[in-house]
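In: Build me a model from this:
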Amino acid sequence: MANRQLTFNIFRYNPTNPKDKPHMQTYQLQETEGMTIFVALNMIREEQDPSLMFDFVCRAAICGSCGMLINGKPRLACRTLTKDLPPEITLLPLPVFKLIGDLSVDTGTWFRHISLKTEAWIHTDKEFDPRAQEERMDNKTAYDIYEAERCIECGCCIAGCLTANLRPEFLGAAGLNRVARFMVDPRDKRSAKDYFEVIGSDEGTFGCYGLMACEDNCPMELPLQQQLAFVRRKMAWAGLKR
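Out: As a prediction, this is how the structure comes out:
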């Protein structure tokens, strides 16, 4: 079967250039075997327009850098094959996050803010002993922590979230998934009351509308619906106790 000619409609805007205005720019490209959006963008930048801005690091769905709206859906460019898309493809930057330029957004600042807001580290009064053996935990607990840790912070769940698009301070599925990770960690000594002070509001677990676009858009297929339900039950009970 002959390879198709693809048409890419790509959002262009450089916020650092006061003369620039947001607009769409069209590029033509011949499809190749096994082509991904990541490969196509690199070909466009190398062969047609070196000014095109987008992010990538690992090209293996590990770093989460290449998240963007592909035909309206938050996806990773490195995991999206052009053969699974129509010949006309529209690319836009992820919403919610600060735009750096074209398809490039600043997810790092957003996730750092969430880390600080949720205090995403082990809270314990135990003094660290570098000579002691590592603390053991059962396989089920280790697996539950691992599931949450598989998040690559690509921002796709946040970009597809209704609440995150309406409320800049909403933690979103990524933030609540991170909280769930510490809730199940036996080394963390925070109580349900402590967590309630951080996420027991409409900026946290009670701001979720339950549309589950986060889980639908997660490229790692994390059980975000399960994580959100787990955190919400914990916080609802903590709220009743108050």
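In: Now the residue positioned nearest the centre of the chain: closest residue in space that isn't a chain neighbour?
Out: The chain has G155 as the residue nearest its centroid, 2.1 Å off, counting by CA atoms, centre = their mean. The shortest distance from G155 to any non-neighbouring residue, by CB to CB, 6 or more residues apart in numbering, is to T107 (4.4 Å). Glycine gets a C-beta too; all of them are placed from N, C-alpha and C.
In: what's the answer for G67, then?
Out: C154 (4.2 Å).
In: how near is the one you found to L85?
Out: C154 sits 19 Å away from L85, going by CB to CB, to the nearest Å.
In: neighbour-wise, which of the two wins?
Out: C154 (28 against 16; other CB atoms under 10 Å).
In: mind showing which ranges of the protein have poor pLDDT?
Out: Residues of the chain that meet the criterion pLDDT under 70 lie in 1-2, 242.
In: domains of it?
Out: Domain assignment for the chain by automatic domain parsing gives 5-104, 119-241.
In: quick one: which of these is nearest F111?
Out: In terms of CB to CB, the element of the domains of the chain nearest to F111 is domain 119-241, at 5.0 Å.
In: ends of that closest one, how far apart?
Out: In domain 119-241, first residue to last residue: 23 Å (CA to CA, to the nearest Å).
In: just checking, what's the longest helix in this protein?
Out: Taking DSSP state H as the criterion, the chain has its longest helix at helix 224-241.
In: Run through the neighbouring helices and strands of that helix.
Out: Judged by 3 or more CB pairs under 8 Å, 6 or more residues apart in numbering; DSSP states H and E, the packing partners of helix 224-241 are helix 172-183, helix 192-199, helix 213-217.
In: got a markdown table for those helices, with distance to K126 too?
Out: Compiled in a markdown table, those are given as follows (distance: least, CB to CB, whole Å):
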| stretch | distance to K126 |
| --- | --- |
| helix 172-183 | 15 |
| helix 192-199 | 16 |
| helix 213-217 | 34 |
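In: Walking through this protein, point out its strands one by one.
Out: Listed in chain order, the strands of the chain (DSSP state E) span 5-12, 23-30, 67-70, 73-76, 88-92, 98-101, 104-106.
In: can you list those in CSV and add mean neighbour count?
Out: Compiled in CSV, these are given as follows (neighbours: other CB atoms under 10 Å):
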stretch, mean neighbour count
strand 5-12, 17
strand 23-30, 13
strand 67-70, 24
strand 73-76, 22
strand 88-92, 17
strand 98-101, 16
strand 104-106, 19
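In: In JSON lines, list the ones you listed along with distance to P168.
Out: Listed next are these as JSON lines, based on distance: least, CB to CB, whole Å:
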{"stretch": "strand 5-12", "distance to P168": "21"}
{"stretch": "strand 23-30", "distance to P168": "25"}
{"stretch": "strand 67-70", "distance to P168": "18"}
{"stretch": "strand 73-76", "distance to P168": "18"}
{"stretch": "strand 88-92", "distance to P168": "19"}
{"stretch": "strand 98-101", "distance to P168": "11"}
{"stretch": "strand 104-106", "distance to P168": "13"}
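In: among these, which is nearest M220?
Out: Once the strands of the chain are compared by CB to CB, strand 73-76 is nearest, at 9.4 Å.
In: As PDB, could you dump the C-alpha coordinates of that closest one?
Out: Written as PDB, here are the backbone C-alpha positions of strand 73-76 (Å, rounded to 0.1, in the frame of the first residue of the first chain):
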ATOM      1  CA  LYS A  73      -6.900  14.400  22.400                       C
ATOM      2  CA  PRO A  74      -4.000  14.700  25.000                       C
ATOM      3  CA  ARG A  75      -1.400  12.100  23.800                       C
ATOM      4  CA  LEU A  76       2.300  11.500  23.800                       C
END
